[in-house]
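Participant: Build me a structure from this.
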Amino acid sequence: MERYPDELDCDMAQYYHIYDFKSLPARKVATFLCGLDSSSRVKRKLNDVGGSFSEILLALIFDRLQWICWSQTKDGQKGVNRPQPMAEKLIGKNDSDSEITAFQSGEDYEEARRKILGKEG
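Facilitator: Prediction:
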């Protein structure tokens, strides 16, 4: 309740018509919180998602349509100026999320770990 008080306040008012949830027992508020839809403000914050399911679905449809239109242009045939996906902005995906590092052995992992932690040696 302390992490996202504004979102919780709005969701309690919108979904349950409770305008002073702080006067309720914490267990009751937790029960209401668990019953919130995945498109609620609190659930989107907790899941780090910028939109509801339908908004993300519409953004994915838009991205595909935009890509199809782009692929029919001269830029698309050359593979340049590709349109930026909108859905990734809603989902919260960025380049650092997809960066994966693999190691050949446990020793390689430990060496990389020491470098990251600043314990070279």
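
Participant: Contacts for the longest helix along the chain, please.
Facilitator: Assignment by DSSP state H gives helix 53-71 as the longest helix of the chain. Helix 53-71 is touched from outside by 38-39, 49, 51, 76-77, 81-83, 85-87, 89-91, with contacts defined as CB atoms under 8 Å, 6 or more residues apart in numbering. For the C-beta atoms, the positions are set from N, CA and C on the backbone; glycine is no exception.

Participant: how distant is the helix or strand that that helix is followed by from the center of its chain?
Facilitator: Sequence order places helix 74-78 as the next helix or strand after helix 53-71, per DSSP states H and E. Taking CA atoms, centre = their mean, to the nearest Å, the mean C-alpha location of helix 74-78 is offset from the chain mean by 31 Å.

Participant: check contacts around the residue nearest to the spatial centre of the chain.
Facilitator: Here the mean C-alpha position of the chain is nearest to the C-alpha of Val49 (CA atoms, centre = their mean), at a distance of 3.2 Å. Val49 makes contact with Ile56, Leu90, Ile91, Gly92, according to CB under 8 Å, 6+ apart.

Participant: Against Ile61, how distant is it?
Facilitator: 17 Å (CB to CB, to the nearest Å).

Participant: do Phe103 as well
Facilitator: For Phe103, the distance to Ile61 equals 39 Å [CB to CB].

Participant: How is this structure partitioned into domains?
Facilitator: 5-46, 52-121 (automatic domain parsing).

Participant: Lowest mean pLDDT across those, which one is that?
Facilitator: Mean pLDDT is lowest for domain 52-121 among the domains of the chain, at a mean of 85.

Participant: could you pull out the helices for this protein?
Facilitator: Under DSSP H, the chain gives helices at 5-16, 26-34, 41-46, 53-71, 74-78, 87-91, 106-117.

Participant: Gly51 and Lys45 touch, don't they?
Facilitator: No. At 12.0 Å, Gly51 does not count as touching Lys45 under the criterion of CB atoms under 8 Å.
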